[in-house]
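Enquirer: Test case, fold it:
(2 chains)
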Amino acid sequence: RKEVEQDPGPFNVPEGATVAFNCTYSNSASQSFFWYRQDCRKEPKLLMSVYSSGNEDGRFTAQLNRASQYISLLIRDSKLSDSATYLCVVNLGGFKTIFGAGTRLFVKA
Amino acid sequence: DTGVSQDPRHKITKRGQNVTFRCDPISEHNRLYWYRQTLGQGPEFLTYFQNEAQLEKSRLLSDRFSAERPKGSFSTLEIQRTEQGDSAMYLCASSLEIANTGELFFGEGSRLTVL
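Expert: Sure, this is the predicted structure:
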């Protein structure tokens, strides 16, 4: 079983749609959680951290459920520029950062 | 540009040749990581330095791979006797320990093609 699992997609959605991505992690000792965004043939960049209380950054909302070892990302009012791969990332403490394989999103006009 | 820089950006080599990649992290960052990414996969951890000390190596890092960070600044990743399975994007990242945000700052990567 992979340490971080994501639906690879692709998700094809029209502009303005709401789309949700899910992620599960296997290590219950995981300490911190993130979503990264990776554009085609570019490096990953931090999108947002994920907290147990849930957090929002503009059109993006992230949720963490430690009991179910589940992380989610909700994107509202999708833009063409949101098209990218979204990587679910778990830190086990210190330097141990594990990336999921990513979920691909295509937003169509 | 004060971000993470990697060189070369692209490398095409024949099987059996040695290749070396260089990473210059953000100057004040004491943590440096190497990851490998293949198509359709997320980055896979290879190795980690804190300052000049290599503190962790993944099982993915066979004996043909060696990494150094001699003065705690730039780092090199060498692959000896390359194999076609080594073809991938090699990503370097850095972070600042005391910031403890968990954010890794990646370079644009070095894409390796082994023929």
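Enquirer: what does chain A put close to chain B?
Expert: For chain A, the residues found near chain B under the criterion Cβ under 8 Å from any Cβ of the partner chain are A:4, A:8, A:32, A:34, A:42-46, A:49, A:87, A:91, A:95-102. For the C-beta atoms, the positions are set from N, CA and C on the backbone; glycine is no exception.
Enquirer: Okay, strands next: where are they in chain A?
Expert: With DSSP state E as the criterion, chain A has strands at A:4-6, A:11-14, A:19-25, A:32-38, A:44-50, A:55-57, A:60-65, A:70-75, A:84-91, A:97-99, A:103-108.
Enquirer: Taking the residues of chain A next to chain B, please make a ChimeraX selection of just the buried ones.
Expert: To isolate the buried members of those in ChimeraX, using 16 or more other Cβ atoms under 10 Å in any protein chain shown:
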select /A:4,32,34,43,44,46,49,87,91,95,96,97,98,99,100,101,102
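Enquirer: just the strands of chain A: most buried one?
Expert: Each of these was scored by mean neighbour count; the highest is strand A:84-91, a mean of 24, by mean count of other Cβ atoms under 10 Å in any protein chain shown.
Enquirer: List the strands paired with it, with their directions.
Expert: strand A:32-38 (antiparallel), strand A:97-99 (antiparallel), strand A:103-108 (antiparallel) (DSSP bridges).
Enquirer: Output the ones you listed in CSV; the columns should cover mean pLDDT.
Expert: As requested, the strands paired with strand A:84-91 are exported to CSV (pLDDT from 0 to 100):
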stretch, mean pLDDT
strand A:32-38, 95
strand A:97-99, 93
strand A:103-108, 97
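Enquirer: Quick one: residues contacting the closest residue to A:Leu105 other than its chain neighbours.
Expert: Computed as Cβ to Cβ, 6 or more residues apart in numbering or on different chains, the closest residue to A:Leu105 that is not its neighbour in sequence is A:Phe11, at 4.9 Å. For A:Phe11, the contact set (Cβ atoms under 8 Å, 6 or more residues apart in numbering or on different chains) comprises A:19, A:21, A:103-106.
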